[in-house]
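Student: Return atomic coordinates for the entry below.
(chains A and B)
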Amino acid sequence: MSELWLWIVLGCLAAYAIKMLGFLVPEKVLENEKVTRAAGALTIGLLASLTTVNAVASGTEVVFDARIGALVAAAIALILRAPFLVVVIVGAGAAALLRWMGWG
Amino acid sequence: MTPATKIGLSIAIATGLYAISYGALGVAAGLNVLQVSVLSLLMFTGGSQFAFIGVIAGGGTPGAAFGAATLLGIRNAVYGMQIKSMLRPRGLTKVLAAHVTIDESVATASGQSDPAEQKLGFWVAGLGIYVFWNIFTLIGALLGDALGDPKAWGLDGAAVAAFLGLLWPRLKSAEPIAIASVCALATILVIPLVPPGIPILVAAVLSGVWGFFGKGPATEGLEPDIEPKPSDRGKP
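Tutor: Okay, the predicted model is just below:
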């Protein structure tokens, strides 16, 4: 089994274990406001970081290329309340267009 | 159809559809069709799946992808507790309920006040999304496979848009916006300093600590990607 497969299987097991954990631990532990707030903040922080990495990282370099156009176009689509799938297509279209025009 | 059934079904279709983008991006990131599908069948929590392929696409190791996906799944434990106290599932029902405990099924259940409707909402949304999510993952993965050069189609831009789309509904007040901004900035600062994949984990630690010692409302960040009442989308 390749290393990628190993981590995929472990990731699936961990995801299920975390879901089940909520059903098994005493309610007081997870009802703790600090824990709930940390879980929420973690979600926001991870998604912000994933957005950033996918927009500007190229290995260990920060580069500004067609993906910045995708970021801006997606933000405009979200402000206009476009549904998720439309936002994704707008992002792809912006990056493809900028690249076709010879940038990034 | 009861109101909860209707809401559950509409969320199932809307959420399931965006698995097309997950499937296509997964293949573009370098996973094969089977690997992309296994994640939808067994990991089954959209944000974590996007995180996994997002780290791989950025050149991170599978171990770092696992780390990001697992950390992003932690909120599901909080959801599990909510569903446990709402539905009181037992035995095999509990085993199945845990698997479909995700943002959207929990939000559908929480949006109902009648206990029977809560139960119906949870199961219709949870099982419905499971079915549609897996069908559209496969369609997306096969499409991605057929497309060829992912960059020419702007699929790397699609990934950026997808993550922003997942983040957006959670930015409803000043504190989430501050957390997101600081984490984005910290990510840019550490990208040149550490191996690919690690900047995401740095942001995870930063935001987790911020949340733990912060003073904002306890539910920040725990909003569904697609809300139970589509008409309310985007309103504060």
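Student: could you list every residue that touches the residue of chain B most remote from its centre?
Tutor: For chain B, the C-alpha farthest from the mean C-alpha position belongs to B:L193; by CA atoms, centre = their mean, that distance is 28.1 Å. With contact taken as CB atoms under 8 Å, 6 or more residues apart in numbering or on different chains, B:L193 is in contact with A:T60. In short, each C-beta sits where N, CA and C put it, glycine included.
Student: Over to it. Which of the three states is it?
Tutor: Here B:L193 takes the coil state, with states given by DSSP: H, G, I helix; E, B strand; the rest coil.
Student: May I ask which helix or strand encompasses the spatially most central residue of chain B?
Tutor: For chain B, B:G47 is the residue whose C-alpha lies nearest the centre (CA atoms, centre = their mean; 2.4 Å). Element membership for B:G47, per DSSP states H and E: helix B:46-57.
Student: helices and strands around that helix, which ones?
Tutor: For helix B:46-57, the packing partners by 3 or more CB pairs under 8 Å, 6 or more residues apart in numbering or on different chains; DSSP states H and E come out as helix A:3-24, helix A:33-56, helix B:19-29, helix B:62-72, helix B:155-167.
Student: And those: which comes nearest B:A186?
Tutor: Between B:A186 and the helices and strands packed on helix B:46-57, the tightest spacing by CB to CB is seen for helix A:33-56, at 7.6 Å.
Student: by contact count, what packs against that closest one?
Tutor: Helix A:33-56 is packed against helix A:66-79, helix B:46-57, helix B:62-72, helix B:75-87, helix B:155-167, helix B:174-190, helix B:198-213, with contacts defined by 3+ CB pairs under 8 Å, 6+ apart.
Student: which of those helices is buried the deepest?
Tutor: Highest mean neighbour count of the helices and strands packed on helix A:33-56: helix B:155-167, a mean of 29 (counted as mean count of other CB atoms under 10 Å in any protein chain shown).
Student: now check that helix, is it near chain A?
Tutor: Yes - Helix B:155-167 comes into contact with chain A (CB under 8 Å from any CB of the partner chain), by way of B:155-167.
Student: mean confidence for that helix?
Tutor: Averaging the model's pLDDT scores along helix B:155-167 yields 90.
Student: Alpha carbons only: can I get it in PDB?
Tutor: In PDB, the C-alpha atoms belonging to helix B:155-167 read as follows (Å, rounded to 0.1, in the frame of the first residue of the first chain):
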ATOM      1  CA  LEU B 155      -8.800  24.100 -11.600                       C
ATOM      2  CA  ASP B 156      -6.300  25.600  -9.200                       C
ATOM      3  CA  GLY B 157      -8.400  28.800  -9.200                       C
ATOM      4  CA  ALA B 158     -11.500  26.600  -8.600                       C
ATOM      5  CA  ALA B 159      -9.800  25.300  -5.400                       C
ATOM      6  CA  VAL B 160      -9.200  28.800  -4.200                       C
ATOM      7  CA  ALA B 161     -12.800  29.700  -4.800                       C
ATOM      8  CA  ALA B 162     -14.000  26.500  -3.100                       C
ATOM      9  CA  PHE B 163     -12.100  27.200   0.100                       C
ATOM     10  CA  LEU B 164     -13.300  30.800   0.100                       C
ATOM     11  CA  GLY B 165     -16.800  29.600  -0.400                       C
ATOM     12  CA  LEU B 166     -16.600  27.300   2.600                       C
ATOM     13  CA  LEU B 167     -15.100  30.100   4.700                       C
END
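Student: in chain A, what secondary structure element scores lowest on mean pLDDT?
Tutor: None of the helices or strands of chain A scores lower by mean pLDDT, DSSP states H and E than helix A:27-31, at a mean of 69.
Student: for chain A, which spans come out with low pLDDT?
Tutor: Applying pLDDT under 70 to chain A picks out residues A:1, A:30-31.
Student: that older thread, run the chain-centre distance for the helix holding B:G47.
Tutor: Offset of helix B:46-57 from its chain centre (CA atoms, centre = their mean, to the nearest Å): 9 Å.
Student: So what's the residue count around the residue nearest to B:M86 when sequence neighbours are not counted?
Tutor: The shortest distance from B:M86 to any non-neighbouring residue, by CB to CB, 6 or more residues apart in numbering or on different chains, is to B:Q118 (5.4 Å). Here the number of neighbours of B:Q118 (other CB atoms under 10 Å in any protein chain shown) works out to 19.
Student: what's near enough to touch B:L142?
Tutor: Neighbour list for B:L142: B:23, B:33 [criterion: CB under 8 Å, 6+ apart].
Student: Buried residues, the helix or strand where it lies. List them.
Tutor: Counting by DSSP H and E, the element that carries B:L142 is helix B:115-147. Within helix B:115-147, the residues that count as buried by 16 or more other CB atoms under 10 Å in any protein chain shown are B:117-130, B:132-138, B:140-142, B:144.
Student: So what angle separates the directions of it and helix B:19-29?
Tutor: Interaxial angle, helix B:115-147 versus helix B:19-29 (axes from the mean of the first three to the mean of the last three CA atoms, to 10 degrees): 40 degrees.
Student: For helix B:115-147, what is the distance to the chain centroid?
Tutor: On CA atoms, centre = their mean, the centre of helix B:115-147 falls 12 Å from that of its chain.
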